[in-house]
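Trainee: Task: produce atomic coordinates for the following.
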Amino acid sequence: MKNTGHAPRSLRTMRLAAGALLIAMSALYVAAILNHGVAWGYARSFAEAAMVGGLADWFAVTAIFRRPFGLPIPHTAVIPRSKGRIAEALGEFVAVNFLSPEVVRDRLENQDLAGALARQIAEPKMARRIADGIVDALPAIADILDDEAVSEFMRHQIGEMSRDARLAAAIGGGIRLFTDHGRHQPMLDAALAEGWRALEEHQPALRANVRARTAWVWRLISLDARAADALIGAIEESLRAIAVDPAHPARQRVTALLHQFSDDLQNSPVLRARIEQAVADALAHPAVGIFLQDIWSGLKDAVRENAASPESQTRRDLADAVMQFSAALSEDTGAQDAINRRLRALLAELAGRHGRDVAGLISETIQGWDARTVVDKLEQNVGPDLQYIRINGTLIGGLIGLLIHQTTLWLAPHIG
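Mentor: Coordinates of the predicted model:
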């Protein structure tokens with residue numbers, strides 16, 4: 001819709017121009033009656049026909065919006081009387097000509113939506129604007145959500161995941177792939193190093209426990225100390241042997257246990273049932289609910305902290321991620337084609353699903369306006385152009401009057 005801020009002034013100006021022209025024709029008509037001569041005859045014919053044309057077009061233009069002089073003349077005040085029909089027709093027009101799946105599909109057929117998106121978000125300012133929008137919106141979204149409901153949702157999702165056999169099978173397959181490539185060995189090395197550190201740290205306590213469990217007779221000959229040294233030495237030697245030997249039986253045993261666990265996850269309903277029950281029992285404990293709420297509270301605090309800082313690392317990371325996505329998308333024509341196909345299909349589907357809803361919204365909005373509002377909106381936008389019709393009708397009517405007058409003068413001698 002046009003800017004209505006300047007339309008009323010334009011409408012008044014054109015009304016005054018059309019009215020002034022009609023008054024001028026009336027004055028010319030009066031002057032032509034009071035004077036005689038060939039030229040005044042032409043002037044009278046022009047003014048007379050111009051007044052007829054101007055008045056007829058004034059009536060036609062006025063009748064579109066209201067009753068001329070308030071008289072109940074049939075087929076006047078067309079728009080106020082037909083508001084409902086106009087609303088439905090406009091909604092139907094938009095739905096059929098703009099929001100049908102066929103129209104949307106044809107319109108987007110040759111549009112590179114993915115490429116346009118990639119080019120748009122490649123600009124650092126746009127990427128930062130997107131990142132800022134996401135970060136700034138997150139606190140409001142987090143505040144809308146009920147903490148207890150979120151905790152219950154997390155609990156429910158964890159429970160659902162534990163009951164999903166496909167997830168268990170996928171985890172089992174991941175463990176098998178992990179161990180087949182020996183990627184668990186660095187973790188085992190780290191565990192051995194941690195065991196060695198713990199042994200060194202707790203040697204005094206271990207010696208004290210051995211001493212406490214040794215009879216006093218043996219303590220007299222320091223047998224407790226020798227036993228503790230032997231025990232600690234044996235453990236250290238075992239840890240060292242496992243650490244330096246990639247093919248140590250203990251390592252092979254761990255690998256075999258992981259393989260067995262992987263197979264059971266993929267194939268054993270009994271193990272999956274036990275895991276499911278263990279998860280359910282854990283989730284039922286009140287402490288888990290408190291733990292999940294603490295996690296959610298921590299996330300909300302982190303979100304607020306990032307939103308409060310205009311230069312937070314999260315904003316920068318998100319902006320970088322947007323630009324990296326843009327660069328990757330720009331170089332991957334296959335991904336662009338796939339995204340374009342999906343977007344076209346999605347937009348066509350949305351048009352088919354909600355096009356009628358939009359039409360209904362347009363129709364209901366217009367029907368919800370009072371008749372005066374509809375008239376004002378339309379008259380402010382198309383009224384100035386309609387006043388040109390009055391001006392043209394006045395001038396063209398006058399020209400036709402001249403033509404009729406000239407034809408009459410030409411035919412009169414021949415007919416007489």
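
Trainee: Which strands and helices lie in contact with the longest helix belonging to the chain?
Mentor: In the chain, ranked by residue count with DSSP state H as the criterion, the top helix is helix 371-415. In terms of contacts (3 or more Cβ pairs under 8 Å, 6 or more residues apart in numbering; DSSP states H and E), helix 371-415 is packed against helix 7-34, helix 38-65, helix 78-81, helix 83-97. Using the backbone N, CA and C atoms, a C-beta is placed for each residue, glycine as well.

Trainee: distance between the helix or strand following the last one and the chain's centre?
Mentor: Beyond helix 83-97 in the direction of the C-terminus, DSSP states H and E gives the next helix or strand as helix 101-108. A distance of 20 Å separates the C-alpha centroid of helix 101-108 from that of its chain, computed with Cα atoms, centre = their mean, to the nearest Å.

Trainee: Return the set of buried residues in the helix or strand where A198 lies.
Mentor: Here A198, judged by DSSP H and E, is contained in helix 185-201. If you call a residue buried by 16 or more other Cβ atoms under 10 Å, then helix 185-201 has these buried ones: L188, L192, G195.

Trainee: ok, so of the residues you listed, who is nearest R372?
Mentor: Relative to R372, the closest of the buried residues of helix 185-201 is L188; by Cβ to Cβ it sits at 82.9 Å.

Trainee: I am assuming that closest one contacts R253, so please confirm or correct that.
Mentor: No - assessed by Cβ atoms under 8 Å, L188 is found out of contact with R253, at 10.8 Å.

Trainee: remind me which residues of this protein are low pLDDT?
Mentor: Scanning the chain for pLDDT under 70 picks out the ranges 1-9, 162, 164-167, 202, 206-229, 231, 416.

Trainee: Show me how it divides into domains.
Mentor: Domain ranges of the chain: 7-81+369-415, 128-193+246-324, per automatic domain parsing.

Trainee: among the ones you listed, which is the most enclosed?
Mentor: domain 7-81+369-415 (a mean of 16; mean count of other Cβ atoms under 10 Å).

Trainee: hang on, the earlier thing: tell me which strands and helices the helix holding A198 is in contact with?
Mentor: Short answer (3+ Cβ pairs under 8 Å, 6+ apart): helix 185-201 packs on helix 223-244, helix 249-267.

Trainee: Check what contacts that helix and list those residues.
Mentor: Contact with helix 185-201 is made by L206, I232, I235, E236, L239, I242, A243, P246, R251, V254, as judged by Cβ atoms under 8 Å, 6 or more residues apart in numbering.

Trainee: Report the backbone C-alpha coordinates of that helix in CSV.
Mentor: In CSV, the C-alpha atoms belonging to helix 185-201 read as follows (Å, rounded to 0.1, in the frame of the first residue of the first chain):
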residue,chain,number,x,y,z
GLN,A,185,44.8,-47.4,23.9
PRO,A,186,45.7,-43.7,24.7
MET,A,187,42.8,-43.7,27.2
LEU,A,188,44.2,-46.9,28.8
ASP,A,189,47.7,-45.2,28.9
ALA,A,190,46.1,-42.2,30.7
ALA,A,191,44.4,-44.6,33.1
LEU,A,192,47.7,-46.3,33.9
ALA,A,193,49.5,-43.0,34.4
GLU,A,194,46.7,-41.9,36.8
GLY,A,195,46.9,-45.3,38.6
TRP,A,196,50.7,-44.8,39.0
ARG,A,197,50.2,-41.3,40.4
ALA,A,198,47.5,-42.5,42.8
LEU,A,199,49.8,-45.3,44.0
GLU,A,200,52.6,-42.9,44.7
GLU,A,201,50.3,-40.5,46.4
